[in-house]
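K.L.:
from the sequence below, what's the structure:
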Amino acid sequence: MNHSVYELRLPRQQTTPVVFASPHSGREYPVAFLSKTILDNHTVRSSEDAFVDQLFAGVVDHGACLLSARFPRAYLDLNRSSDELDPALIEGLRRRIHSPRIASGLGVVPRVVAGGRQIYHGKISMSEVQRRIDDCWVPYHSQLQRLLDNTRAQLGSVALIDCHSMPHEAVETLTRDGNRRPEVVIGDRFGASASSALVDGIEAAFRREGLYVTRNSPFAGAYTVQHYGRPGRNQHAIQIEIDRSLYMDESTIRPRADFADFQAMITRITAEICEIMRPSMPLAAE
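P.N.:
Alright, predicted model coming up:
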């Protein structure tokens, strides 16, 4: 199912209460946006979770749904609340929310891309920001909420897996005392957004493929898992971050030669995740 701002891939029959989402892999850059940015067409893509939607495309063959944004994160960030507005970017806006994300330029309409590089010269209007929220944020999150509600109604529970990639440099600085860099970071808001049994199962699935996994450091999950994770109501939400250097050349934003092999690995992992949550293997709410 194609919408102007998202793509929804549905299985022939939904057999597992798992909904996968890729909010940052969109690569359809509005012409009007490109005319306003001071960045070149390559640099503006540096915040993009490039190819993540392709990595997880196989989930539909295992009875799960996949929702992907079509527009880019540099235009509007779906992993932010719609009221995370940046007064340093928006004309006439007084500070509303005290947030490290907003202060660093990463509100719902970002001021910067990766590396703190400014997207615009000067400010943009509140009407422009509201238009992006109404046209992009609202339809995407409305569809996501419908998927979660319908899945839980039909199958008794639901698990949202919010899929992301992280720049290699973001984890490179975490290596100390000879420890391995995390290749996958699972975020569950330190246990608040999902059943520990589910998170244990997801971590084990990645580890069985030889990937080094950490939890909640440096990414514990932002708006999406915080907002949708309600394990006491059998609604779980987990954020997954994968090191981009494992499957792409970050400098050229192109898939590695062995992309298909890594994609096959992710398909095997997600098949396990789907199996964990099948109705025949219910997880107790915590």
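K.L.:
ok, residues contacting the lowest-mean-pLDDT helix or strand in the chain?
P.N.:
Lowest by mean pLDDT, DSSP states H and E among the helices and strands of the chain is helix 168-172, with a mean of 77. Applying C-beta atoms under 8 Å, 6 or more residues apart in numbering, the contact partners of helix 168-172 are 181-183, 185, 218, 243-245, 250. Just so you know, the C-beta spots here come from the backbone N, C-alpha and C atoms, and that holds for glycine as well.
K.L.:
need the buried ones from these selected in PyMOL.
P.N.:
In PyMOL syntax, the buried subset of the contacts of helix 168-172 is picked out as below (16 or more other C-beta atoms under 10 Å):
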select buried, resi 182+183+185+243+244+245+250
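K.L.:
and the gap between Phe33 and Phe71?
P.N.:
Noted for Phe33: a distance of 9 Å to Phe71, by C-beta to C-beta, to the nearest Å.
K.L.:
look at those two and report which has more neighbours.
P.N.:
Using other C-beta atoms under 10 Å as the criterion, Phe33 and Phe71 rank with Phe71 on top: 21 against 18.
K.L.:
residues in contact with that one?
P.N.:
Phe71 touches 5, 26, 28-30, 136, counting by C-beta under 8 Å, 6+ apart.
K.L.:
from the residues you listed, which is closest to Leu55?
P.N.:
Lowest distance from Leu55 to the contacts of Phe71 (C-beta to C-beta) belongs to Gly26, with 14.4 Å.
K.L.:
and that closest one, which helix or strand is it part of?
P.N.:
Using DSSP states H and E, Gly26 is not contained in any helix or strand.
K.L.:
which ones are touching the closest residue to it other than its chain neighbours?
P.N.:
For Gly26, ignoring the flanking residues on the chain, the nearest one in space by C-beta to C-beta, 6 or more residues apart in numbering is Ala69 at 4.0 Å. Contact partners of Ala69, counting by C-beta under 8 Å, 6+ apart, are 5-6, 22-26, 78, 136, 140.
K.L.:
ok, the contacts of Phe71 vs Glu275, which is closest?
P.N.:
For the contacts of Phe71, the minimum distance to Glu275 (C-beta to C-beta) is 29.0 Å, reached by Gly26.
K.L.:
re earlier: quickly list what the residue nearest to Gly26 is bridged to.
P.N.:
Counting by DSSP bridges, Ala69 is bridged to Tyr6.
K.L.:
could you point out which element follows the least confident helix or strand of the chain?
P.N.:
Proceeding N to C from helix 168-172, the next assigned helix or strand is strand 184-187, under DSSP H and E.
K.L.:
each with direction, which strands does that following strand pair with?
P.N.:
Sheet pairing of strand 184-187 (DSSP bridges) gives strand 213-215 (parallel), strand 235-243 (antiparallel).
K.L.:
CA atoms of it as CSV?
P.N.:
Provided in CSV are the C-alpha atoms of strand 184-187 (Å, rounded to 0.1, in the frame of the first residue of the first chain):
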residue,chain,number,x,y,z
VAL,A,184,23.6,-3.7,17.2
VAL,A,185,22.0,-1.6,20.0
ILE,A,186,18.6,-2.6,21.4
GLY,A,187,16.6,0.1,23.1
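K.L.:
and the contacts of that strand?
P.N.:
By C-beta under 8 Å, 6+ apart, the list of residues contacting strand 184-187 reads 166, 171, 199, 202-203, 206, 211-221, 225, 238-243.
K.L.:
okay, now the unreliable bits of the stretch 1-150 of the chain?
P.N.:
The stretch 1-150 of the chain contains residues with pLDDT under 70 at 1-2, 95-96.
K.L.:
for it, what spans make up the strands?
P.N.:
6-9, 18-22, 65-69, 112-113, 117-118 (DSSP state E, counting those that start in this stretch).
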